[in-house]
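*Asks:* build me a model from this:
(one chain, ligands or ions: 1)
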Amino acid sequence: MCGIVGAVSERDVQGILLEGLRRLEYRGYDSAGMAVINGGPHAQRARELGKVSALAEAVEANPLNGHLGIAHTRWATHGEPSQLNAHPHMSGDGLAIVHNGIIENYQELRDELKADGFEFTSQTDTEVVAHLIQKNYREQGSLYDAVKSAIPRLRGAYALAVVHADEPDHLVVCREGSPLVIGVGIGENFIASDQLALLPVTDRFMFLEEGDIADIRKDRIEIHDREGTPVERETNRFEHGADSAEKGEYRHFMLKEIYEQPKVIKATMEGRVTDSRVLEQALGTEAANLLDNVRHVQIIACGTSYHAGMVARYWIEELAGVPCSVEVASEFRYRKHVIQPDTLFLCISQSGETADTLAALRQAKKAGFRAALAICNVPGSSLVRESDLVIMTQAGPEIGVASTKAFTTQLTALLIFTLALARHNGLSAEREADIVSALHQVPGQVSDILALNGGIEEMSRAFMDKFHSLFLGRGSQFPVAMEGALKLKEISYIHAEAYPAGELKHGPLALVDSEMPVVTVAPNNDLVEKLKSNLEEVRARGGELFVFADKSAGVKAEEGVHVMQLPPVHEITAPIVYTVPLQLLSYHVAVLKGTDVDQPRNLAKSVTVE
Ligand code: G6P
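*Replies:* Model prediction:
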């Protein structure tokens with residue numbers, strides 16, 4: 001949600017902090033701030049409402065010089081977006097703190113600290129932590145000890161970074177439930193909520209574990225675990241190029257990420273499939289044994305990742321004949337379940353840090369599932385570390401808040417997993433070879449769809465002045481329609497609903513008129529004739545149709561029916577390919593409407609709070 005960055009160095013840190021915030025802005029963008037220590041008795045602070053660019057202007061006019069600093073870009077939870085609620089929060093003139101997450105018992109702590117004479121200037125839960133640490137500092141005289149003794153008082157999820165003007169050579173950080181990574185430099189060190197923030201300054205990272213507290217100096221990093229034992233955390237190199245978090249020639253990250261799909265889908269297949277079969281060893285040494293014993297699959301995810309799970313259910317039941325349930329994590333975690341014996345728990349998450357997904361996983365680990373498999377895009381994330389088996393998608397950093405390449409690589413990984421599971425459940429070698437060969441064609445087919453960009457942009461004009469829209473699909477294309485609707489609402493703010501086409505006459509048909517565009521995905525499968533009847537139902541009510549159809553499906557353009565002819569695609573891989581035109585459609589509608597495509601209002605890329 002919020003983004004945190006910090007640095008301790010020989011050089012001035014303002015530029016490092018600002019660049020870090022720019023790169024973290026996808027995590028939250030309602031206000032931003034930084035605090036820098038320069039050896040004087042006070043921490044210097046700047047905070048601005050709005051985007052990081054507003055803060056950049058402020059500190060360019062009045063620079064904050066110093067070798068130690070912390071910074072933050074906010075996604076409001078407690079207290080409206082405002083300058084007073086922006087981080088860093090301070091206690092006294094010297095202590096400054098940035099925080100990502102939620103402190104659940106903040107009211108109780110606030111009352112207690114008020115009674116101790118602390119004055120509050122914001123509505124945030126974070127300011128409570130600032131005063132709590134300050135109170136400890138006055139008693140203990142050491143920032144590290146003050147943070148350490150504050151931790152047991154905090155309930156909730158947090159990643160914190162704290163500095164004090166009286167201790168100008170280090171910062172203290174800790175995490176519980178929100179991500180925090182240390183960037184290892186030479187004669188300088190950094191922290192951030194995401195390694196992307198630090199790519200201009202280092203490519204070596206250490207991921208803190210839950211409950212860790214770390215003391216970070218320019219030439220030394222000391223970490224203690226929850227029990228207070230000194231621990232070493234492995235240093236990993238960032239595998240993708242440093243420019244993977246740059247927009248390059250593209251106008252928006254989202255467009256760049258849409259265009260990267262042929263490459264990253266291929267990368268997700270690499271080493272996992274031959275010409276004709278899936279290499280199940282590539283799923284881990286334990287995979288064969290596990291797949292032999294799985295009798296049911298429970299998929300959990302949020303947002304776009306949930307839609308990937310919904311597509312996978314069609315595949316898993318059709319190809320492997322294994323029953324599969326899919327549920328959004330925020331629902332799953334708060335209800336009782338009947339767990340079938342030998343159920344595999346499968347979490348899908350781009351970030352690997354989504355609070356609800358992690359909470360569901362943690363519950364599941366106690367609840368008697370056979371094992372936990374993660375499909376994830378971020379190495380070293382909490383989800384990856386806490387799962388038994390992991391299939392990494394190779395999408396590379398995804399910056400646009402609306403997920404695109406993460407989704408199609410999740411589908412690729414899910415299909416590979418499904419084929420491996422299906423082989424243990426009687427899938428013939430011929431059928432496997434047929435689907436693997438279809439999978440090899442997907443990158444090329446996605447490139448063919450990207451070549452239709454101009455036509456899709458043209459189509460998007462019809463949506464400019466609309467307030468509502470309907471997306472229809474059947475079978476495994478229903479989740480594709482859901483994902484299409486989600487994309488449109490996320491970035492263009494047009495209300496979009498997805499329905500299984502067969503449900504049209506059970507309600508949504510009442511809404512259809514000339515002001516309600518209806519978008520449909522129609523590969524040439526055995527449901528296409530039924531889908532065509534649904535389209536007739538829409539036309540008969542004056543609805544305008546936008547159909548993405550297989551060339552051979554026989555859907556004809558006519559007045560009120562706009563058809564984008566797509567190349568023939570294998571029925572199983574069609575959900576991957578048919579997603580792409582819907583991404584482009586939403587993108588162009590948003591650009592025409594002039595919305596903030598990469599950072600849509602009220603949303604954040606990684607939802608690390610409940
Ligand atoms: C947020 C993002 C979505 C994403 C969802 C789940 O809502 O804006 O794009 O699909 O979180 O995130 P995850 O990282 O778990 O896939």
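*Asks:* please, where are all the strands along the stretch 401-550 of the chain?
*Replies:* Taking DSSP state E, counting those that start in this stretch as the test, the strands found in the stretch 401-550 of the chain are 468-473, 495-500, 518-522, 545-550.
*Asks:* pLDDT of the second one, averaged?
*Replies:* Computed over strand 495-500, the mean pLDDT rounds to 95.
*Asks:* for the first one, same thing?
*Replies:* Mean per-residue pLDDT for strand 468-473: 94.
*Asks:* per the record, what domains does the protein have?
*Replies:* The domain map for the chain lists 3-237, 246-427, 450-600, with the assignment taken from the TED database.
*Asks:* of all residues in the stretch 101-250 of the chain, which one is closest to the ligand?
*Replies:* Among the residues of the stretch 101-250 of the chain, Pro179 lies closest to the ligand, at 11.0 Å counting by CB to the nearest ligand atom. Yep, even glycine has a C-beta here, placed from its N, CA and C like the rest.
*Asks:* I'd say that residue and Ala159 touch.
*Replies:* Yes: Pro179 is in contact with Ala159 according to CB atoms under 8 Å; the separation is 6.3 Å.
*Asks:* give me the common contacts of these two.
*Replies:* Common neighbours of Pro179 and Ala159 (criterion: CB atoms under 8 Å, 6 or more residues apart in numbering): Asn100, Ser193.
*Asks:* interface residues of the protein facing the ligand?
*Replies:* Remark: the part of the chain in contact with the ligand comprises 302-305, 349-351, 354, 357, 401, 403, 603, 605-607, using CB under 6 Å from any ligand atom.
*Asks:* the strands in the stretch 201-350 of the chain, which residues?
*Replies:* Taking DSSP E, counting those that start in this stretch, the strands of the stretch 201-350 of the chain run over residues 204-207, 213-217, 220-224, 230-231, 235-237, 296-301, 324-328, 343-349.
*Asks:* and these, which is most packed in?
*Replies:* Across the strands of the stretch 201-350 of the chain, averaging neighbours per residue (mean count of other CB atoms under 10 Å) puts strand 343-349 on top, at a mean of 29.
*Asks:* re the thing from before, write the ChimeraX selection for whichever of the residues of the chain next to the ligand are buried.
*Replies:* Filtering those down to the buried ones (16 or more other CB atoms under 10 Å) takes a single ChimeraX command:
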select :302,303,304,305,349,350,351,354,357,401,403,603,605,606,607
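*Asks:* now, which of the residues of the chain next to the ligand lie within helices?
*Replies:* Using DSSP state H, the members of these that fall in helices are Gly303, Thr304, Ser305, Thr357.
*Asks:* pLDDT added to those, as JSON lines?
*Replies:* What follows is those, written out as JSON lines (pLDDT from 0 to 100):
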{"residue": "Gly303", "pLDDT": "96"}
{"residue": "Thr304", "pLDDT": "97"}
{"residue": "Ser305", "pLDDT": "98"}
{"residue": "Thr357", "pLDDT": "96"}
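*Asks:* distance check, the residue in the stretch 401-550 of the chain positioned nearest to the ligand against Gln261.
*Replies:* Closest approach of the stretch 401-550 of the chain to the ligand (CB to the nearest ligand atom) occurs at Ser403, with a separation of 3.8 Å. Ser403 sits 12 Å away from Gln261 when distances are taken as CB to CB, to the nearest Å.
*Asks:* now name the helix or strand holding Leu361.
*Replies:* helix 355-366 (DSSP states H and E).
*Asks:* which residues sit against that helix?
*Replies:* Taking CB under 8 Å, 6+ apart as the criterion, the residues outside helix 355-366 that touch it are 157, 177, 298, 300-302, 305, 328-330, 332-333, 345, 347-349, 372, 374, 382-383, 386-387, 607-610.
*Asks:* list the buried residues of it.
*Replies:* Using 16+ other CB under 10 Å, the residues of helix 355-366 that count as buried are Ala355, Asp356, Thr357, Leu358, Ala359, Ala360, Leu361, Gln363, Ala364.
*Asks:* for the stretch 301-450 of the chain, give me the ranges with low pLDDT.
*Replies:* Counting by pLDDT under 70, the stretch 301-450 of the chain has no low-confidence residues at all.
*Asks:* just want the residue of it that's nearest the ligand.
*Replies:* Taking CB to the nearest ligand atom, the stretch 301-450 of the chain has Gly303 as its residue nearest the ligand, at 2.7 Å.
*Asks:* for that residue, give me its contacts.
*Replies:* Contacts for Gly303 were tallied using CB under 8 Å, 6+ apart; they are Thr354, Ser403, Leu486, Val607.
*Asks:* not counting its neighbours along the chain, what's nearest the third one?
*Replies:* Leaving aside its chain neighbours, Leu486 sits nearest to Thr304 (6.5 Å; criterion: CB to CB, 6 or more residues apart in numbering).
*Asks:* pretty sure the one you found sits against Ala406.
*Replies:* Yes: between Thr304 and Ala406 a contact is recorded at 6.9 Å, counting by CB under 8 Å.
*Asks:* find residues that contact each of the two.
*Replies:* Both Thr304 and Ala406 are contacted by Gln350, under the criterion CB under 8 Å, 6+ apart.
*Asks:* now do the phi/psi pair for Glu71.
*Replies:* Slight slip there: residue 71 is Ala, not Glu. phi -150, psi 170 (degrees, to the nearest 10).
*Asks:* no no, Ala61
*Replies:* Dihedral angles phi and psi of Ala61 (degrees, to the nearest 10) take the values phi -70, psi -40.
*Asks:* any low-confidence regions in the protein?
*Replies:* Scanning the chain with the threshold set as pLDDT under 70 gives 1, 241-243, 525-527.
*Asks:* off-centre distance for the longest helix belonging to it?
*Replies:* Here the longest helix in the chain is taken by residue count, with DSSP H as the criterion, and it is helix 429-450. Mean-position distance between helix 429-450 and its chain equals 26 Å (CA atoms, centre = their mean, to the nearest Å).
*Asks:* quick check: buried residues in that helix?
*Replies:* Counting neighbours by 16+ other CB under 10 Å, one finds that the buried residues in helix 429-450 are 432, 435-436, 438-443, 445-446, 448-450.
*Asks:* identify the farthest-apart pair in these.
*Replies:* With distance counted by CB to CB, no two of the buried residues of helix 429-450 lie farther apart than Glu432 and Leu450, which are 28.3 Å apart.
*Asks:* who does the residue of the stretch 151-300 of the chain found nearest the ligand form a beta bridge with?
*Replies:* Closest residue of the stretch 151-300 of the chain to the ligand, CB to the nearest ligand atom: Ile300 (9.9 Å). Assessed by DSSP bridges, Ile300 has beta-bridge partners Glu327, Cys347.
*Asks:* His337 is in contact with that one, correct?
*Replies:* No: the pair Ile300 and His337 fails to qualify as a contact (CB under 8 Å) at a distance of 10.7 Å.
*Asks:* give me the distance between Met419 and Tyr106.
*Replies:* That one is not Met; residue 419 is Leu. The span separating Leu419 from Tyr106 equals 48 Å under the rule CB to CB.
*Asks:* how many other residues sit next to Gly185?
*Replies:* 19 (other CB atoms under 10 Å).
*Asks:* cool, and Cys376?
*Replies:* Residue crowding around Cys376 was assessed by other CB under 10 Å; the count is 28.
*Asks:* the residue nearest to it when sequence neighbours are not counted: neighbouring residues, count only.
*Replies:* Excluding its sequence neighbours, the residue lying closest to Cys376 (CB to CB, 6+ apart) is Gly352, at 4.3 Å. Number of residues near Gly352 (other CB under 10 Å) recorded here: 27.
*Asks:* how about Gly352, phi and psi?
*Replies:* Recorded main-chain torsions at Gly352 are phi 70, psi 10, according to degrees, to the nearest 10.
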